[in-house]
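J.: Any chance you could fold what I've pasted below:
(chains A, B, C, D, E and F)
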Number of protein chains: 4
Amino acid sequence: MAKKVDSVARRDMILRAAVRVFARQGFAATRVEDVAAEAGVAKGSVYLCFDSRDALLVAAFEEYAAQAQAVIQEARSGAGDGLERLGALVRSVVDMVAAEPELARILVDLWAARRQGEAAGMDVPAVYREYRAVTAELLADAEAEGILRAGVGEVHAAVVVGAIEGCVLQWIVDPALPIAELAAPIVDVCVEGLRRGGAA
Amino acid sequence: MAKKVDSVARRDMILRAAVRVFARQGFAATRVEDVAAEAGVAKGSVYLCFDSRDALLVAAFEEYAAQAQAVIQEARSGAGDGLERLGALVRSVVDMVAAEPELARILVDLWAARRQGEAAGMDVPAVYREYRAVTAELLADAEAEGILRAGVGEVHAAVVVGAIEGCVLQWIVDPALPIAELAAPIVDVCVEGLRRGGAA
Amino acid sequence: MAKKVDSVARRDMILRAAVRVFARQGFAATRVEDVAAEAGVAKGSVYLCFDSRDALLVAAFEEYAAQAQAVIQEARSGAGDGLERLGALVRSVVDMVAAEPELARILVDLWAARRQGEAAGMDVPAVYREYRAVTAELLADAEAEGILRAGVGEVHAAVVVGAIEGCVLQWIVDPALPIAELAAPIVDVCVEGLRRGGAA
Amino acid sequence: MAKKVDSVARRDMILRAAVRVFARQGFAATRVEDVAAEAGVAKGSVYLCFDSRDALLVAAFEEYAAQAQAVIQEARSGAGDGLERLGALVRSVVDMVAAEPELARILVDLWAARRQGEAAGMDVPAVYREYRAVTAELLADAEAEGILRAGVGEVHAAVVVGAIEGCVLQWIVDPALPIAELAAPIVDVCVEGLRRGGAA
DNA sequence: GATGAATGAGGGTTCATTCAT
DNA sequence: TATGAATGAACCCTCATTCAT
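T.: The predicted structure follows:
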C-alpha cells in the first residue's frame, strides 16, 4: 500500500517536473534527460513510470483534460441562471490556467502534437467540443429563462469558448499579458453582451 | 533577371511545399527530406533557398505575419465607422485563414516554437500585439463616434482578438468546425455586442 | 572507484582504437563509426568519452605530447655531459616512435590539422619548440664543458631536431625505412659531428 | 594553338589558386568552391581542368616533385667535389621551399594523403628515396675523393635528408622559424661535419 | 568553353530507449 | 527498484560532382 502510494507520488513528481520543463523549453526541445534532471532522478527512472517520452505529454494532457472536465462539471451543476453559470465558467477557466500557468503553457505543445505520433491517447478536440457543448447548454438554459437576447444560438458557443481560449493563447504566447484581468472583459463581452437588454 | 525570378519562384515553391507538409504532419515530425519530396526536389536543393530546416518555419511565419499585417493595414485605412471597420477586420482575418488553411494550420507550430531555437527571427507575440493595437484603435474610434457602449476599453481588444484567434484555434484543432461560418457570430458578439444600444 | 577506473579504461581503449585507425587510414578518411568498430563499441559510445571526432585527434596529440615531454624531462635530468645526454635524447625519441609506431604515424595528421578547426587544443609547434629548447640547453652545457666544437650555436638545435624528426618523417612516409637503425647515424652526425676534435 | 596555351594557363592559374588555399586552410578544409573562388572562376570550371578535388592535390604534388627532381638533377650534374655539391643541394632545397612557401606548406597534406584515396598517382616516398639516393651518391663521390671522414655510409644519407626535411617540417608547423637561415647550419652539421678532418 | 543550380551520398551528432548491475 | 552506460536509428547539413543552359 505504502509502496503504491510512493509509486504514485513518484510518478506525479516526475510528471510535474516534466510539465515544468515542457513549459519552459517546449516539448520538442525537451529531452528525457532534462525531465529526469528536473525531477532529480535518473533518466532510466522516468521509464519506470512512463512508457515513453510521448507518454509524458499524454499524461500532462490528461491532467489538463481532467481539470477542464472538473470545470465543465462545475458549470453544469452550478447554481444560478444560465448566464450566471456561463460567467462562472469563464472565470473558472481563467482561474484554472492562472493557477497553474505551467500546465497551461504546454497547451501549445498539445495543440501541435495532435497531428503526430504523440497524439495517441490525446483527444484534444474533445476538450473543446465539451467546452462548446456546455456553453451551448448554458446558453440554451438562458434562452429558456428568457434572459438571452435574440439571435443567439449554438454557433455562439464557439465564439464564447474562442474568446476564453483565444485570451489564454495570447497570454501563453506573451506572458506579459495579464490573463487574470481578462476574465472580467470576457464576461462583459461574452455573457453580458448576450443578455437580453444588453450590457449595462 | 529571369534567373532571379526563377530563383524566387523556386524558393516560393519549396516554401509552399513546406507549409503543406508542416500543416499535415506538424513541424516537429517533418524532415527536410519530406519537404524536398513534397516540392519534388532533392534534399540538398532545399538548402539552396533556406539556411536550415528552422528557416523554413521562419519563412512561413513571415508569410503569415505579412498577411496579418496586410489585414491590419486594411482595417486601419478602411472606410466606415469604427465598428464597421472592426467587423471588416474580423471577417478579413477569418477569410484569410479560410483562404489558406495550410498556412493557418502551422500556427500551432509557430506558437510552440517560440520558446525554442527555431524562434530566432520570429516575433509571434508582436503579431498579436498588433492585432490588439488595431482593435483598440478601432474601439477608440467607435468611442469617439459615440457608437460604443459604455465601459468598453483597451482591455476589450484582447477579448475581441481572443474570440477570433480562439475560433481559429478550435478550427485548427478540429477541422470539422466550419470556420467560415464563425465570422458572423464573432461579429455579432464582439462588434454588435459592443454597440451602444446593443445588438438588435 | 571501480566505475571511474572502468570509465578511464574505456576511454583509453577507444583512444587506442582511434590511433590504430588513424594510423592505418589517416584522420581525414576515418569516420567515427570506423573508430567505434575498431574499438568494438557502438558509434554513440564514442561520444560518451569524447566530445567529437576532432577530440579524438586532440587526445591522441596529448598522448604524443606527453610522451615527448617525458623524453625531454629525461634529457634534462639525465646523467652525463651535454653531448652524452644529447645522444641519449636522440635515441629516446627514436625509441619512442619505434615503440608505438601507430601513435607516431598520426603525426602527419597532427601536422596537417594545425591550420584547421581540429587544431583547437593542439599546440603542435610547442612540441618542437620544446625539443629545440632542450637541445639548445644540452649544446650550451657541452659548450660550457668545453667539449663542443667552435661555431655551434642555438640555431644548430633546429638542425639536430630536424635530423631526428626528418628521419621519423621519412619512416612515416615509407615504413620500409628502418627507423631504429637511424638512431646511430643521427647521433654520429648530430652529436659526434659537433664534438670538439670531431668524430673519430 | 592559342587555345591550348590558354587552356594550359587556365589550368595553371587554378592550380596556383588551389595551392594557395591548401596552404592557408589545409587540404581537408578546402572545398572545391574555395579553390574556384580563389581562382576567380566558377566551381564547375575547376572540373574542366581537373578530374576531381583529389586531382588538384596530385597536381600540386607533381609540381613539387618536379621541382625536387630539378634540384636533384642539378646536384647530380653540378660542379665541385661531392661535399660541395651536397652543400649546394642543401641550399637548393632550402631555397626551393623558401621561394614558394605555399607549395611547401602543402607538404603536410601530401604526407597525410598517402594512406588515402587521394594518394593515387602520388608517390611521395619516391621523392625521399630520390633525395636519399642522390645524397648517397654525393657521399660516395666524396668518399672516392678522399674528403669524407671514415664511417660515413649510405645510412647517413637518410640523416642528411632528414635534417633538411626536418627543418622544413619545423618551419611548416611554425612559420616563425626562419627557414632561410637554417641552410648554413644544416650544411655545417651535415656537410662540414662529415668532412675528413672535421669542421674547422 | 563557362557557369552555377541541382543532386544525393555521406557522416557527424543527438537522444529515446534498453538493460546489466 | 534505481541507475546511467550503452546502443543505434534517425536526421540535419555539407559538398563533390554533374549537366542543362
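
J.: Now A:Arg195, what are its backbone angles?
T.: Backbone torsions of A:Arg195, given as degrees, to the nearest 10, read phi -80, psi 140.

J.: Which pLDDT value goes with it?
T.: For A:Arg195, the model assigns a pLDDT of 94.

J.: Would you enumerate the residues in contact with it?
T.: Contacts for A:Arg195 (Cβ atoms under 8 Å, 6 or more residues apart in numbering or on different chains) come out as A:Leu83, A:Ala142, A:Ile147, A:Leu148, A:Arg149. The way it works is simple: take the backbone N, C-alpha and C, and place the C-beta from them, glycine included.

J.: need the contact list for A:Ala28.
T.: Counting by Cβ under 8 Å, 6+ apart, A:Ala28 touches A:Asp109, A:Ala112, B:Ala28, B:Ala112, B:Ala113, B:Gln116.

J.: If I look at it, what pLDDT would I see?
T.: According to the prediction, A:Ala28 has pLDDT 95.

J.: all helices of chain A, in order?
T.: A:2-25, A:32-39, A:43-49, A:53-77, A:82-99, A:101-105, A:107-113, A:124-144, A:155-173, A:183-190 (DSSP state H).

J.: in the first one, what's buried?
T.: Put plainly, it is helix A:2-25. A:Ile14, A:Leu15, A:Arg16, A:Ala17, A:Ala18, A:Val19, A:Arg20, A:Val21, A:Phe22, A:Ala23 (16 or more other Cβ atoms under 10 Å in any protein chain shown).

J.: Now tabulate these in a markdown table and tack on distance to DNA strand F and pLDDT.
T.: Output for the buried residues of helix A:2-25, formatted as a markdown table (distance: Cβ to the nearest atom of the strand, whole Å; pLDDT from 0 to 100):
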| residue | distance to DNA strand F | pLDDT |
| --- | --- | --- |
| A:Ile14 | 10 | 98 |
| A:Leu15 | 14 | 98 |
| A:Arg16 | 16 | 98 |
| A:Ala17 | 12 | 98 |
| A:Ala18 | 15 | 98 |
| A:Val19 | 19 | 98 |
| A:Arg20 | 18 | 98 |
| A:Val21 | 16 | 97 |
| A:Phe22 | 20 | 97 |
| A:Ala23 | 23 | 96 |
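
J.: For chain A, give me the ranges with low pLDDT.
T.: A:1-5, A:117, A:198-200 (pLDDT under 70).

J.: Quick check: residues of it near DNA strand E?
T.: Contacts of chain A with DNA strand E, taken as Cβ under 7 Å from any atom of the strand, map to A:Thr30, A:Arg31, A:Val32, A:Glu33, A:Lys43, A:Gly44, A:Tyr47, A:Ser52, A:Arg53, A:Asp54.

J.: So which of these wins on neighbours?
T.: In terms of neighbours by other Cβ atoms under 10 Å in any protein chain shown, the residues of chain A next to DNA strand E top out with A:Thr30 at 24 neighbours.

J.: What residues does the closest residue to that residue other than its chain neighbours make contact with?
T.: Spatially, and ignoring its direct neighbours in sequence, A:Thr30 is nearest to A:Val21 (5.0 Å; Cβ to Cβ, 6 or more residues apart in numbering or on different chains). By Cβ under 8 Å, 6+ apart, the contact set of A:Val21 is A:Thr30, A:Asp34, A:Val35, A:Glu38.

J.: Distance-wise, check A:Val21 relative to chain D.
T.: Using Cβ to the nearest Cβ, to the nearest Å, A:Val21 is found at 38 Å from chain D.

J.: A:Pro175 now?
T.: Counting by Cβ to the nearest Cβ, the gap from A:Pro175 to chain D is 45 Å.

J.: burial count for the spatially closest residue to that residue that is not a sequence neighbour?
T.: Nearest residue to A:Pro175, sequence neighbours excluded (Cβ to Cβ, 6+ apart): A:Pro101, at 7.8 Å. Neighbour count of A:Pro101, defined by other Cβ under 10 Å: 13.

J.: Give me the distance between A:Asp174 and chain D.
T.: The spacing between A:Asp174 and chain D, counted by Cβ to the nearest Cβ, is 43 Å.

J.: Could you tell me how far that residue is located from C:Ala42?
T.: According to Cβ to Cβ, to the nearest Å, A:Asp174 and C:Ala42 sit 44 Å apart.

J.: if we can go back for a sec, of all the contacts of A:Arg195, which comes closest to chain C?
T.: For the contacts of A:Arg195, the residue nearest chain C by Cβ to the nearest Cβ is A:Leu83; the value is 60.5 Å.

J.: In this structure that closest one contacts A:Gly197, no?
T.: No - using Cβ atoms under 8 Å, A:Leu83 is not in contact with A:Gly197, being 11.6 Å away.

J.: out of these two, which sits in the busier spot?
T.: Using other Cβ under 10 Å, the more surrounded residue of A:Leu83 and A:Gly197 is A:Leu83, with 22 against 9.

J.: what are the phi and psi angles of A:Val41?
T.: According to degrees, to the nearest 10, A:Val41 has phi -130, psi 170.

J.: likewise the one 10 residues further on?
T.: Note on A:Asp51: backbone dihedrals following degrees, to the nearest 10 are phi -70, psi -30.

J.: and if you look at A:Ser52?
T.: The phi/psi pair for A:Ser52 (degrees, to the nearest 10) is phi -160, psi 170.

J.: Show the contacting residues for it.
T.: Contact analysis of A:Ser52 by Cβ under 8 Å, 6+ apart lists nothing.

J.: ok, it to DNA strand F distance?
T.: Going from A:Ser52 to DNA strand F by Cβ to the nearest atom of the strand, to the nearest Å gives 13 Å.

J.: What residues sit buried inside stretch A:147-154?
T.: In stretch A:147-154, counting by 16+ other Cβ under 10 Å, buried: A:Ile147, A:Leu148, A:Arg149, A:Val152.
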